[in-house]
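A.B. asks: Build me a model:
(one chain, ligands or ions: 1)
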Amino acid sequence: MSDKKKIILTGDRPTGKLHIGHYAGSLKQRVNLQNSGKFDEIFIMIADAQALTDNADRPERIRDSIMEVALDYLSIGIDPAKSVIFIQSHIAELTELSFYYMNLVTLSRLERNPTVKSEIQLRNFATSIPVGFLTYPVSQAADITAFHATTVPVGEDQAPMLEQTREIVHKFNSVYGSVLTEPEILLPDNKACLRLPGTDGKAKMSKSLGNCIYLSDPDEVVKQKVMSMFTDPGHIRVQDPGRLEGNTVFIYLDAFSREEHFASYLPEYANLDELKEHYTRGGLGDVKVKKFLYQVMQEELEPVRSRRAAFERNIGDVYDILRAGSETARKTAAATLNEVKHAMRIDYFDDPSFLSEQKEKYK
Ligand code: TRP
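C.D. replies: Numbers count the residues shown, from 1 in each chain. Sure thing, here's the model as predicted:
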């Protein structure tokens, strides 16, 4: 059994290109985990079937984002030699698992899921919630357990999905026998990375608000977005004391800057604490801090851009990576589905005792 192995499964809905909120919140950590060599298997899923649960009438939006997300993954350093990148809808076994898991979850339990609740509000579903949307946490449990994942690196909004998955695992194992693996959520250690605000200071980065920095943004666009970022509206003259709370530029520096960046670009400060101290005391202008943040972002994003450009020139290779990854993932999910059906004793044609029992009964 795969019990002792350390296995990662994670993924993203392809509803557009990924931004640095996704990057800080989870993508960057995945690359570190991948390169740590501590995991036996890593699966990274483009969750198109989940994306369709609230985009049923816009399948072209999902279709258009498949390659964007694949390019985002490859450009940040997800390495197809170490991680299996695959497309959810290609794995029919996931749907079958979901169907059996649905019997282990109550409607009221699904209605309590805080992330689903806020998504319902955000989408104005009110009383017209698609059933598929309400049940996506169950399908997410199928995604995770199909790979016997032990570790699920995601942003903190996904915590309720992990809780739901663990409940399904407990229920399944207690009813049918110990087959499924209990997963753990893995959040980034840097708290500033958990929820990066938009460049306008609004709590969440979102495409509709136009306040995102995308992984695929060109250099000049990143520069312009950083230079017009929300800071402290009360910090008008350089000599005024500035506030750090809610100050987007400093929140981004908390998430991305390291001491080496100071040595390279701002040697008059040893570290971020010194820079913050000067800002709150007064005498430090926003433009200087923004220029520094731009340099930090540039160092982070330039290698991403050049890897992306190389993959864009060979898009056929990306297609092959997705196809091969999906085939590999399908084999793993099929093996788990067999274990599940065996535990549920519904594997009639693979279970010789079925026929012998019937023969005995009808003798
Ligand atoms: N819900 C995740 C998102 O919104 C995507 C996802 C689907 C996922 N299945 C998953 C994440 C399984 C981790 C594990 O981006």
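A.B. asks: Could you measure from Leu110 over to the ligand?
C.D. replies: To the ligand, Leu110 is 14 Å away according to CB to the nearest ligand atom, to the nearest Å. To be clear about C-beta, it is placed using only N, CA and C from the backbone, and glycine gets the same treatment.
A.B. asks: How about the residues of the chain by the ligand?
C.D. replies: 9-13, 47, 50, 140, 143-144, 152, 154, 158 (CB under 6 Å from any ligand atom).
A.B. asks: Which of these fall in strands?
C.D. replies: Leu9, Thr10, Gly11, Asp12, Val152 (DSSP state E).
A.B. asks: And the helices in the stretch 1-150 of the chain, which stretches?
C.D. replies: Counting by DSSP state H, counting those that start in this stretch, one finds helices in the stretch 1-150 of the chain at the ranges 20-22, 28-36, 48-52, 59-76, 92-101, 107-111, 114-122, 131-134, 136-146.
A.B. asks: ranking these by burial, who's on top?
C.D. replies: Ranked by mean neighbour count, the helices of the stretch 1-150 of the chain are led by helix 136-146 with a mean of 26 (mean count of other CB atoms under 10 Å).
A.B. asks: Now do that one against helix 92-101, angle only.
C.D. replies: 120 degrees (axes from the mean of the first three to the mean of the last three CA atoms, to 10 degrees).
A.B. asks: check contacts around the nearest residue in space to Ala56 that is not next to it in sequence.
C.D. replies: Sequence neighbours aside, Pro130 is the residue nearest to Ala56 in space, at 6.6 Å (criterion: CB to CB, 6 or more residues apart in numbering). Pro130 makes contacts with Thr53, Asp54, Ala56, as judged by CB atoms under 8 Å, 6 or more residues apart in numbering.
A.B. asks: Just give me the neighbour total for the second one.
C.D. replies: Counted by other CB atoms under 10 Å, the residues lying close to Asp54 total 20.
A.B. asks: Could you check how far it is from Pro130?
C.D. replies: Distance, Asp54 to Pro130, using CB to CB, to the nearest Å: 7 Å.
A.B. asks: Over to Asp57?
C.D. replies: 10 Å.
A.B. asks: Also Val289?
C.D. replies: With CB to CB as the criterion, Val289 and Pro130 are 45 Å apart.
A.B. asks: And for Tyr269?
C.D. replies: Tyr269 is 52 Å from Pro130, by CB to CB.
A.B. asks: Provide the contact partners of the lowest-mean-pLDDT helix or strand in the chain at residue level.
C.D. replies: Within the chain, no helix or strand scores below helix 114-122, which has a mean of 91 by mean pLDDT, DSSP states H and E. With contact meaning CB under 8 Å, 6+ apart, helix 114-122 is reached by 54, 110-111, 126, 129, 133-134, 136-137, 157-161.
A.B. asks: Could you pull up the residues touching the closest residue to Ile8 other than its chain neighbours?
C.D. replies: Nearest non-adjacent residue to Ile8, counting by CB to CB, 6+ apart: Ile42, 4.4 Å away. Applying CB under 8 Å, 6+ apart to Ile42 gives the contacts Ile7, Ile8, Arg30, Leu33, Gln34, Lys82, Ser83, Val84.
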